[in-house]
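Trainee: this is the structure alone, sequence omitted:
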């Protein structure tokens with residue numbers, strides 16, 4: 001068996017770079033056939049020189065003209081991203097895109113019968129029913145890359161769905177876990193981006209500070225593992241060593257542990273069902289010392305509670321929650337919205353939304369566009385009465 005061909009979507013982002021590092025460690029097992037990036041043309045071209053894919057795509061911007069004579073076809077635009085996703089030689093598609101834009105490539109990969117290594121949790125949040133239908137139609141594979149869901153996936157190996165009592169997702173609690181909520185009004189983007197245990201992109205890092213990320217993961221677990229929402233619990237685990245736990249009907253609990261690194265869940269998604277030897281530090285529990293767990297304090301993370309409510313409402317509510325969150329986070333990073341107002345933007349958009357069923361991609365697109373426009377309006381309203389961040 002030769003090296004498995006892989007398309008990496010979002011290759012210049014955190015997940016994409018980690019994926020390429022893993023691939024370069026196992027050149028006999030994996031090879032790159034397609035790369036896509038959003039705007040970072042220089043980084044993409046460096047990756048092209050290193051991996052020599054058949055196709056490289058810049059979603060937003062321009063690349064030098066190429067006829068493919070150097071071995072790589074260079075292309076730009078969203079249609080070219082979809083071309084990379086459905087590349088005929090790609091057996092595995094790693095979806096490391098950020099946000100709701102990742103849904104369409106996820107559907108395309110699964111309908112094409114490929115293995116989808118999914119790091120784009122928004123695919124399931126905004127279009128979970130569509131993703132599961134595409135998986136069934138195309139006969140592909142859906143392997144989670146999020147550390148928490150990779151952990152659950154590993155713990156469930158060989159277990160019957162009805163044997164699961166509940167799943168417990170762990171959360172670090174982010175950089176403000178011990179801060180007084182009243183002290184968060186003037187939080188700056190630089191402060192919010194200092195995650196205590198993980199090195200991630202800006203959007204995901206802010207979502208970890210608000211725990212929006214964990215609300216998205218609850219929805220993701222619901223679809224990935226066929227769980228009712230009451231079967232998905234969340235606890236704060238500051239050390240980020242236990243990535244998730246599964247409790248079975250007989251009371252037994254399995255957990256997956258390891259030092260915080262995305263390389264391991266990426267490798268497992270690429271190599272599954274094999275486990276390959278990997279040069280990573282062995283977990284030394286005596287060095288870790290202690291593992292602590294805390295309940296989520298009620299009212300401490302209002303954005304998480306809004307996400308959970310949206311999940312229970314179902315239909316298009318999670319898509320609206322996600323879109324409003326993306327717009328609010330963008331405004332915060334641009335210093336147009338105070339950190340503590342992120343939940344208020346989300347709440348206002350959700351309150352104005354009439355839930356629909358997710359029956360097709362166009363429904364998601366329409367609702368997503370409406371939610372973003374509504375969220376931008378809420379940001380403007382708050383910006384007119386809130387002091388501008390320094």
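Mentor: Received it, and whenever you're ready, just let me know what you need. Because the structure is a prediction, the values reported are computed rather than measured.

Trainee: mean confidence score for stretch 334-345?
Mentor: In this model, stretch 334-345 carries a mean pLDDT of 93.

Trainee: for it, list every residue counted as buried.
Mentor: Using 16 or more other Cβ atoms under 10 Å as the test for burial, stretch 334-345 gives 336-345. Every C-beta, even on glycine, is put in place using the N, C-alpha and C of the backbone.

Trainee: what of stretch 49-64?
Mentor: By neighbour count with 16+ other Cβ under 10 Å, stretch 49-64 contains the buried residues 51, 53-59, 63.

Trainee: nearest to residue 291 among those residues?
Mentor: For the buried residues of stretch 49-64, the residue nearest residue 291 by Cβ to Cβ is residue 51; the value is 38.1 Å.

Trainee: tell me the bridge partners for the residue nearest to the closest one when sequence neighbours are not counted.
Mentor: The shortest distance from residue 51 to any residue other than its chain neighbours is 4.2 Å, reached at residue 32 (Cβ to Cβ, 6 or more residues apart in numbering). Residue 32 forms beta bridges with residue 6, as assigned by DSSP bridges.

Trainee: re the thing from before, including distance to residue 148, secondary structure and pLDDT, could the buried residues of stretch 49-64 go into TSV?
Mentor: Shown next, in TSV, are the buried residues of stretch 49-64 (distance: Cβ to Cβ, whole Å; DSSP: H, G, I helix; E, B strand; the rest coil; pLDDT from 0 to 100):
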residue	distance to residue 148	secondary structure	pLDDT
51	29	helix	96
53	30	coil	97
54	33	coil	97
55	32	strand	97
56	31	strand	97
57	29	strand	97
58	31	strand	97
59	27	coil	96
63	35	coil	86
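
Trainee: okay, those in JSON lines with distance to residue 123 next?
Mentor: Shown next, in JSON lines, are the buried residues of stretch 49-64 (distance: Cβ to Cβ, whole Å):
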{"residue": "51", "distance to residue 123": "25"}
{"residue": "53", "distance to residue 123": "23"}
{"residue": "54", "distance to residue 123": "24"}
{"residue": "55", "distance to residue 123": "21"}
{"residue": "56", "distance to residue 123": "23"}
{"residue": "57", "distance to residue 123": "19"}
{"residue": "58", "distance to residue 123": "21"}
{"residue": "59", "distance to residue 123": "16"}
{"residue": "63", "distance to residue 123": "26"}
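
Trainee: low-scoring stretches of this structure, by residue?
Mentor: The model of the chain has pLDDT under 70 over residues 1, 66-69, 176-183, 195-201, 384-390.

Trainee: and the two most separated of the buried residues of stretch 334-345?
Mentor: 336 and 343, at 15.9 Å, using Cβ to Cβ across the buried residues of stretch 334-345.

Trainee: now residue 28: how far from residue 271?
Mentor: Applying Cβ to Cβ, to the nearest Å, the value for residue 28 to residue 271 is 12 Å.

Trainee: and those two? which has more neighbours close in?
Mentor: residue 271 (17 against 8; other Cβ atoms under 10 Å).

Trainee: isn't that one right up against residue 29?
Mentor: Yes: checked against Cβ atoms under 8 Å, the pair residue 271 and residue 29 is within contact range at 6.9 Å.

Trainee: re earlier: nearest to residue 208 among the buried residues of stretch 49-64?
Mentor: Once Cβ to Cβ is applied, the member of the buried residues of stretch 49-64 that ends up nearest residue 208 is residue 59, at 24.6 Å.

Trainee: where do the helices sit along the stretch 101-250 of the chain?
Mentor: 103-111, 122-138, 147-155, 189-192, 202-210, 212-225 (DSSP state H, counting those that start in this stretch).

Trainee: after the helix or strand residue 349 falls within, next one along is what?
Mentor: Residue 349 is part of helix 342-351, with elements assigned from DSSP states H and E. Moving toward the C-terminus from helix 342-351, the next helix or strand (DSSP H and E) is helix 361-385.

Trainee: buried ones in that following helix, by neighbour count?
Mentor: For helix 361-385, the neighbour count (16+ other Cβ under 10 Å) marks 363-365, 367-368, 370-372, 374-376, 378-379, 382 as buried.

Trainee: now for the residues you listed: which two are most distant?
Mentor: 363 and 382 (28.4 Å).

Trainee: contacts only, for residue 110.
Mentor: 116, 131, 134-135, 137-138, 140, 142 (Cβ atoms under 8 Å, 6 or more residues apart in numbering).

Trainee: go again with 6 Å.
Mentor: Neighbour list for residue 110: 116, 134-135, 138, 140 [criterion: Cβ atoms under 6 Å, 6 or more residues apart in numbering].
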